[in-house]
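Visitor: I need the structure of the sequence given here:
(one chain, ligands or ions: 1)
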Amino acid sequence: MSSFDPTQRPVWQALTRRASELPHLATLLDADPDRFLRFRIDAPQMRLDLSRQRWDEAIRGQLLELAEEAGLDTARKQLFEANRFNPTEGRAVLHTALRASAEASVEVDGIDAIAAVHAALERMRTLSAAVRDGSWQGATGKAIRDVVNIGIGGSFLGPAMACDALGDTDGPKVHFLANIDGTEAARLLPKLDPTRTLFIIASKSFGTLETRSNALTVRSWLLERGIAIEDLRKHFVAISTNVAAAAEFGLPEANLLPLWDWVGGRYSVTSTIGLPIALGHGFEVFERLLAGARAMDEHFRDAPLVANAPVLLALAELWNTNFLGTESHAVLPYATALDLLPDYLQQLEMESNGKSVRIDGSPVSARTGTILWGNVGTNGQHAYHQLLHQGTAPFSAQFILPLDPGHELHSHHDWLASHCFAQAEVFARGRSETDAQAELEAGGMSAEEARAAAPHRAMPGNHPSSTVLLDDVGPESLGALIALHEHKVFVQGMIWGINSFDQWGVELGKVLGSAIHGALADSPEHHEAKPPINDSSSRELIALFRAHQRGT
Ligand code: F6P
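Guide: Residues are numbered from 1 along each chain as shown. Here you go, the predicted model:
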């Protein structure tokens, strides 16, 4: 069976025509005083404003038609049932099971996934309670004061983002060790008391180079500081699908929390991978995050497509990417607590939908994925917003603003919100040269000077954006925000006909990295013989690096 090719659909051609006829976004906004109401969506923990997208109701209708032709209505329900949405890895895709209620059940490969999840949740509850109340003790009988999550990619970005968003812990301090760059371990380890630190080895595969290397470094560090080998189990727990590898590392099964191959790494923050959240903030907080995600899951599954937040967010960005030619997507949280959200979404979106072939292996015929980047407002306004306002690269943006800031400095929050709304307005409307000139003249400049200055002060606008008004930055809203984006990515992948759940593109770099690592080894057989890459750039860079290592 061939995969869905959206570009072959008449509605795709119709949308292409519509894109070429569209007026400026300012015109669309001015033409309809009720535009906000037509494009507002209420979803759990948030209200979404899509009225500053450069579209109209007819375009939205045609995009929904395209989604239906792609089979979205059935597919969104299958995301809650046994499915095979990841055929290139032969796996089901069931992150929705991670937050399903205990009464539900989904059987995967003869096992009830939801029952397995709830059994694991109970273990997380017991473990986090023991660490937090001091009954889990380190080798010398002391309570745990610091927790270090050793993991990378999906085994890092989600929990790090959530822990950062939730602020100071009321339990042990939580740290993250992700990179193979020894700077991370070298900076972190001296700050820790080995007798009072618990390390989580978080790795779905238990084979990831960075995580294995960091885990081995930490293991030696503990041993060198007098922790006996038989006491290592008091300082390590692991989260993995790979029981054998965890056992080989020396961990008893009691120290291993399960993970399942039907949870993609970047979709795993609501799984046992969320353990740092439960350790730092309490299991109840983690449960509230799951509840927020579940509420968004149910909204995605049950709400009509035209009032469905993940669906419309996905369609808006697909419209921008494929029809309006935007080249990147800026995620701009006006919330310091969400400063790691862009990093988290980068993996979620770019590792999922950065694909060039459809599920059947045929090349895609439209752009897929989005280069996603961003940082918190208002900081960005004093950095890269200049290019957004007056540069030449087309982009779209997503603003995120919590209504409740979680602090009492209300005047700050009013300013923050004002700037958030102002930036969205300027992105949409811009300022014409004529208006710039008139404003300068009104400010006292001569007509001639104003004419010369106006082009430098004009900005084109016409940049589409969405605004997400979050109730707050709390566990429920975080859960809902995570699920919103997970489902957005799913919808886009469906329409593009690609597999959003594999990541073969990252493998080649890993293989070459290992080969080059061999060439860096200071053994004679590696020196002259077959460098793994023989272009002059790699050869000479490797030679320079090796010479430096040898001090020559
Ligand atoms: O290399 C990419 C990747 O496989 C991600 O998809 C994943 O989240 C990350 O590495 C970490 O993988 P693991 O949890 O198996 O260590």
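Visitor: CA only for contacts and neighbour counts going forward, please
Guide: OK.
Visitor: Any stretches of this protein with poor pLDDT?
Guide: Within the chain, the ranges that satisfy pLDDT under 70 run 1-2, 522-533.
Visitor: ranges for the strands of it?
Guide: 40-43, 46-49, 107-108, 111-112, 146-150, 173-177, 197-202, 236-240, 256-258, 328-333, 371-373, 395-402, 465-470 (DSSP state E).
Visitor: Would you mind listing what in this protein touches the ligand?
Guide: Residues of the chain that fall close to the ligand, judged by CA under 6 Å from any ligand atom: 152-155, 203-206, 208, 265-266, 506.
Visitor: can you do 8 Å?
Guide: 151-156, 202-211, 240, 264-266, 351, 502-503, 506-507, 510 (CA under 8 Å from any ligand atom).
Visitor: circling back: I'd like to know which of the strands of the chain is closest to H487.
Guide: Minimum separation from H487 across the strands of the chain (CA to CA) falls at strand 40-43, 13.1 Å.
Visitor: Quick one: list the elements packing against that closest one.
Guide: Packing contacts for strand 40-43, counted by 3 or more CA pairs under 8 Å, 6 or more residues apart in numbering; DSSP states H and E, involve strand 46-49, helix 309-322.
Visitor: So which of these is the most surrounded?
Guide: Highest mean neighbour count among those (mean count of other CA atoms under 10 Å): helix 309-322, with a mean of 24.
Visitor: Could you check the angle it makes with strand 328-333?
Guide: Put simply, helix 309-322 runs at 140 degrees to strand 328-333, going by axes from the mean of the first three to the mean of the last three CA atoms, to 10 degrees.
Visitor: what packs against helix 309-322?
Guide: strand 40-43, helix 57-69, helix 283-302, helix 475-496.
Visitor: try 6 Å
Guide: helix 475-496 (3 or more CA pairs under 6 Å, 6 or more residues apart in numbering; DSSP states H and E).
Visitor: what's the offset of the helix it packs on from the middle of its chain?
Guide: Put simply, helix 475-496 sits 10 Å off its chain's centre (CA atoms, centre = their mean, to the nearest Å).
Visitor: okay, it in CSV with CA atoms only?
Guide: The C-alpha trace of helix 475-496 is given here as CSV (Å, rounded to 0.1, in the frame of the first residue of the first chain):
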residue,chain,number,x,y,z
PRO,A,475,2.2,20.4,36.6
GLU,A,476,-1.2,20.1,34.9
SER,A,477,-0.5,22.9,32.3
LEU,A,478,2.9,21.5,31.6
GLY,A,479,1.4,18.1,31.0
ALA,A,480,-1.2,19.6,28.7
LEU,A,481,1.4,21.6,26.8
ILE,A,482,3.6,18.5,26.3
ALA,A,483,0.6,16.5,24.9
LEU,A,484,-0.5,19.4,22.8
HIS,A,485,2.8,19.4,20.9
GLU,A,486,3.1,15.6,20.8
HIS,A,487,-0.2,15.4,19.0
LYS,A,488,0.6,18.4,16.8
VAL,A,489,3.7,16.5,15.5
PHE,A,490,1.6,13.4,15.0
VAL,A,491,-1.0,15.2,12.9
GLN,A,492,1.6,16.8,10.7
GLY,A,493,3.5,13.5,10.2
MET,A,494,0.2,11.8,9.2
ILE,A,495,-0.5,14.4,6.6
TRP,A,496,3.0,14.3,5.2
